[in-house]
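S.K.: My questions are about this predicted structure, shown below with the sequence.
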Amino acid sequence: MTETVSGTAVTGPAGGWAVPENRADLPGRPDGTGGRCSGGGGKRHNSDVEWGDFDSCSYWRKNYSSLREDDREIIRIVGSFFRGCSPGPGDRRRSGVDVGAGTNMYPTLAMLPWTERVHLFDQSTGNVKWLRSEISDLGSSWRPFWSEFCATGYEPDDFGRVRAEVACRADVERRSVFDLPEGAFDIGTMFFVAESMTDDEEEFEAATEKFVRSLRPRSPFAAAFMDSSNGYFVGNAFFPAVHEVTRDKVQEVLTRLVARDGVRVHDIGIPSDAPLREGYEGMIVAVGRIGGKPDP
């Protein structure tokens with residue numbers, strides 16, 4: 001779904017980690033070759049990756065300029081869950097967060113009716129610039145995404161009002177998943193981030209934990225992952241992914257962080273007529289609530 005990807009230069013943990021929204025895993029090089037990370041066989045950490053400059057416009061065109069069937073299914077799951085957590089738009093939470101937002105605005109739309117503010121975080125300077133432009137004038141391509149949320153029971157406001165509310169209530173900040181404040185948000189999303197910036201399971205788990213810990217007790221959340229990704233080429237550059245991330249792995253990690261009765265994990269199959277690429281086995285979306293008592 002992405003022709004070229006770039007990202008910001010990556011530093012070590014002390015300087016922040018790149019958190020690209022690497023949804024667009026590709027099957028291999030343009031010459032048809034591919035496979036997992038070559039060389040030495042060791043783990044390729046996020047700090048080892050040369051992200052370069054993220055081509056946000058190309059990424060959006062290939063990923064989100066039209067609504068895919070797998071995105072439609074994810075929206076139905078997430079929208080139904082978030083609506084069930086809030087009696088109505090008048091019961092807005094103080095703040096929501098989308099971690100590694102990239103060029104995907106539908107997590108923001110998912111949280112918009114239920115929050116006073118939605119904070120969009122991304123480490124890529126290119127994505128931050130794209131997001132700031134997009135929230136100021138939300139494109140009409142997001143209309144079918146919003147229609148899918150309306151099908152789950154969201155208030156079917158006219159799209160012009162939705163655009164105005166995004167411009168008024170969303171903000172963008174360059175921030176890493178590893179630099180999230182703890183217990184700061186009341187609802188959150190993280191789509192295709194933690195598993196797509198490293199091939200180290202421990203980094204994947206650490207990023208997922210940072211996301212969970214950024215939410216206050218009883219906060220609803222949604223997180224999406226590529227299932228069994230082999231890593232991916234974008235243009236001529238190879239990017240790592242955690243192949244071990246499966247439905248069972250997501251269930252295990254979130255159960256440890258949230259508790260089994262606080263999370264539900266769903267498989268999203270590969271559309272038979274429009275597979276995203278080779279080298280993955282579908283997508284995974286998890287919804288749940290953070291344990292503990294809510295703040296008064």
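M.R.: Structure received.

S.K.: The helix or strand that P107 is a member of: how far from the chain's middle?
M.R.: Element membership of P107, judged by DSSP states H and E, is helix 106-111. Centre-to-centre, helix 106-111 and its host chain are 11 Å apart (C-alpha atoms, centre = their mean, to the nearest Å).

S.K.: helices or strands up against it?
M.R.: helix 69-85, strand 93-99, strand 115-122, helix 143-151, helix 159-169, strand 187-191 (3 or more C-beta pairs under 8 Å, 6 or more residues apart in numbering; DSSP states H and E). Backbone N, C-alpha and C define where each C-beta goes, glycine included.

S.K.: Out of the ones you listed, which is closest to R218?
M.R.: helix 69-85 (9.1 Å; C-beta to C-beta).

S.K.: can you tell which of the helices and strands packed on helix 106-111 is closest to R132?
M.R.: So among these, strand 115-122 is nearest, using C-beta to C-beta, at 8.9 Å.

S.K.: Now do the SS call for the closest residue to F204 other than its chain neighbours.
M.R.: Excluding the flanking residues, the one nearest F204 by C-beta to C-beta, 6 or more residues apart in numbering is V242, at 4.5 Å. Taking DSSP: H, G, I helix; E, B strand; the rest coil as the rule, one finds V242 in the coil state.

S.K.: Phi first, then psi, for V242.
M.R.: phi -90, psi 100 (degrees, to the nearest 10).

S.K.: F121 versus that one, what's the distance?
M.R.: Distance of V242 to F121, given as C-beta to C-beta, to the nearest Å: 21 Å.

S.K.: now swap in Q251 and tell me
M.R.: Taken as C-beta to C-beta, the span from Q251 to F121 is 25 Å.

S.K.: Tell me which of the two has more neighbours.
M.R.: F121 (25 against 16; other C-beta atoms under 10 Å).

S.K.: who's the more buried one bridged to?
M.R.: Under DSSP bridges, the beta-bridge partners of F121 are V99, E173.

S.K.: Can you verify my assumption that it contacts D98?
M.R.: Yes - F121 lies in contact with D98 (C-beta atoms under 8 Å); the separation is 6.9 Å.

S.K.: Which residue ranges of this structure form helices?
M.R.: With helices called from DSSP state H, the chain shows them at 56-63, 69-85, 106-111, 125-136, 143-151, 159-169, 201-213, 247-258.

S.K.: Columns mean pLDDT on top of those helices, output as JSON lines?
M.R.: Shown next, in JSON lines, are those (pLDDT from 0 to 100):
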{"stretch": "helix 56-63", "mean pLDDT": "77"}
{"stretch": "helix 69-85", "mean pLDDT": "96"}
{"stretch": "helix 106-111", "mean pLDDT": "98"}
{"stretch": "helix 125-136", "mean pLDDT": "92"}
{"stretch": "helix 143-151", "mean pLDDT": "97"}
{"stretch": "helix 159-169", "mean pLDDT": "96"}
{"stretch": "helix 201-213", "mean pLDDT": "96"}
{"stretch": "helix 247-258", "mean pLDDT": "95"}
